[in-house]
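J.: I'll drop the sequence and a predicted model, then ask my questions.
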Amino acid sequence: MGNAVLALRLIIGWTYFSAFWRRLILENKLDPEAAGYIGEKFNHFLPNALFIKPLIQYLVENPEVLLYKMWIFTLVEGFVGLFLMIGFKTRLISIVVFFLAMGILLGSGWIGTTCLDEWQIGVLGLAGGFTLFQAGSGQFSLDYFINKNNFIRQEEKWNKTSQSKFTPYFVAFSFFLLFATLYTNQVFHGGVYGTLHNKSVKPKLEITNLKQQKNQVSFDVMRVEGADVYGSFLIQIDFINHQNKTIETLDMNELSKLPKHQISNYYVAKVTPHKHSLVLPLGAKANLNFELEEQIHKVILTDISGLQWEQTITN
């Protein structure tokens with residue numbers, strides 16, 4: 001059985017080891033000040049994560065803890081991938097693979113602009129980890145070469161026991177994994193029934209906590225959908241009064257030069273002014289504040305794509 005899934009063991013091993021290889025050997029993606037910091041990628045999971053959203057939010061709100069966890073996560077992936085490829089304690093490592101894949105699925109299964117990338121990685125990781133747990137490492141493994149005779153005896157005992165005792169549980173768990181696959185496919189993408197949807201196709205902003213105190217207007221804005229590889233480019237903010245007239249407009253040039261004291265970021269992924277716009281990465285949330293003499297009724301935010309979002313004042 002182990003020999004039959006050798007290709008699966010090697011490829012799953014490399015997919016996890018390559019995460020370590022990319023982040024620490026090819027580039028340094030564990031530097032919070034460097035472009036491509038893995039903590040910002042993790043922040044992208046936040047808006048639509050399933051069940052583990054509070055944990056992700058806690059980490060991105062606490063950058064020091066997040067960095068510590070990203071180091072641990074990366075090292076775990078490195079060891080898991082290496083041990084799988086050399087066939088060391090395969091069944092034990094396959095359990096870790098299962099939980100790593102579950103984290104990927106619940107955290108980022110909704111992300112994927114073309115073919116539901118992260119969801120596929122997650123569900124196939126679950127199935128692959130479970131398959132490796134059943135099959136073991138086979139002859140082409142470090143376990144086999146360390147103690148050949150003992151390995152053979154243990155595998156024979158496992159095969160006899162699993163066939164006679166564990167088969168009903170393995171079958172039941174396989175159908176549980178199918179249920180998890182269908183459930184997450186439906187929740188994240190509407191892939192089982194109804195209307196298909198892909199939250200990575202176009203940007204979406206949420207505006208909350210809009211208020212005005214004397215001449216100070218502030219609101220929170222968060223990017224909750226769209227591609228994770230680039231930001232939403234905010235090129236205009238309109239402030240509208242109760243007569244539905246525009247009393248103030250900030251264009252792309254003004255937003256690109258927005259002072260830092262007017263932007264208070266909540267998470268690791270940050271809303272920042274760039275050359276031609278105000279950029280909102282996926283998962284970023286910030287409080288924006290402005291000075292206005294007149295009373296406003298609502299704000300309208302315009303993306304470079306032409307999409308608009310508006311929110312009415314709450315007080």
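T.: That came through fine.

J.: so which residues of the chain form strands?
T.: Using DSSP state E, the strands assigned to the chain run over residues 204-213, 216-225, 232-240, 246-250, 263-265, 272-273, 278-280, 285-291, 298-303, 308-312.

J.: relative to V76, how far out is the nearest residue to F173 once chain neighbours are set aside?
T.: Closest residue to F173 apart from its sequence neighbours, by C-beta to C-beta, 6 or more residues apart in numbering: F130 at 6.7 Å. C-beta here means a position set from N, CA and C on the backbone, and glycine is covered the same way. For F130, the distance to V76 (C-beta to C-beta, to the nearest Å) stands at 19 Å.

J.: who's more crowded, these two?
T.: Legend: neighbour count by other C-beta atoms under 10 Å for F130 and V76, higher for F130 (20 against 16).

J.: low-scoring pLDDT stretches of this structure, where are they?
T.: Scanning the chain for pLDDT under 70 picks out the ranges 315.

J.: show me the contacts for the residue nearest the centre of it.
T.: Taking C-alpha atoms, centre = their mean, the centroid of the chain lies closest to F45, which sits 2.9 Å from it. By C-beta atoms under 8 Å, 6 or more residues apart in numbering, the contact set of F45 is 56, 107-108, 111, 283.

J.: which ones among those residues are found in helices?
T.: 56, 107-108 (DSSP state H).

J.: just put these in a markdown table and tack on neighbour count and distance to L116.
T.: Converted to a markdown table, the ones in helices among the contacts of F45 look like this (neighbours: other C-beta atoms under 10 Å; distance: C-beta to C-beta, whole Å):
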| residue | neighbour count | distance to L116 |
| --- | --- | --- |
| I56 | 23 | 20 |
| G107 | 23 | 14 |
| S108 | 25 | 11 |
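
J.: for the residues you listed, which one is nearest K202?
T.: S108 (18.1 Å; C-beta to C-beta).

J.: residues contacting the residue nearest to I235 when sequence neighbours are not counted?
T.: Closest residue to I235 apart from its sequence neighbours, by C-beta to C-beta, 6+ apart: M252 at 4.0 Å. Applying C-beta under 8 Å, 6+ apart, we find M252 in contact with 235-236, 276-277, 304.

J.: that older thread, which pair of the contacts of F45 spans the longest distance?
T.: I56 and I111 (12.7 Å).

J.: returning to what we had before: list the contacts of the residue nearest to F173.
T.: Applying C-beta under 8 Å, 6+ apart, the residues near F130 are 94, 98, 173-174, 177.

J.: and what of G226?
T.: G226 touches 199-204, 232, 282, counting by C-beta under 8 Å, 6+ apart.

J.: in TSV: the residues you listed, plus distance to W158 and neighbour count.
T.: Converted to TSV, the contacts of G226 look like this (distance: C-beta to C-beta, whole Å; neighbours: other C-beta atoms under 10 Å):
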residue	distance to W158	neighbour count
K199	42	19
S200	42	22
V201	46	13
K202	50	14
P203	51	22
K204	50	17
S232	52	28
L282	44	29
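
J.: from those, which is closest to K214?
T.: Nearest member of those to K214, counting by C-beta to C-beta, is S232, at 30.2 Å.

J.: for the closest one, which non-adjacent residue is closest in space?
T.: Counting by C-beta to C-beta, 6+ apart, S232 lies nearest to P203, which is 3.7 Å off, once chain neighbours are set aside.

J.: thought that neighbour was touching D228?
T.: No - using C-beta atoms under 8 Å, P203 is not in contact with D228; the gap is 10.8 Å.
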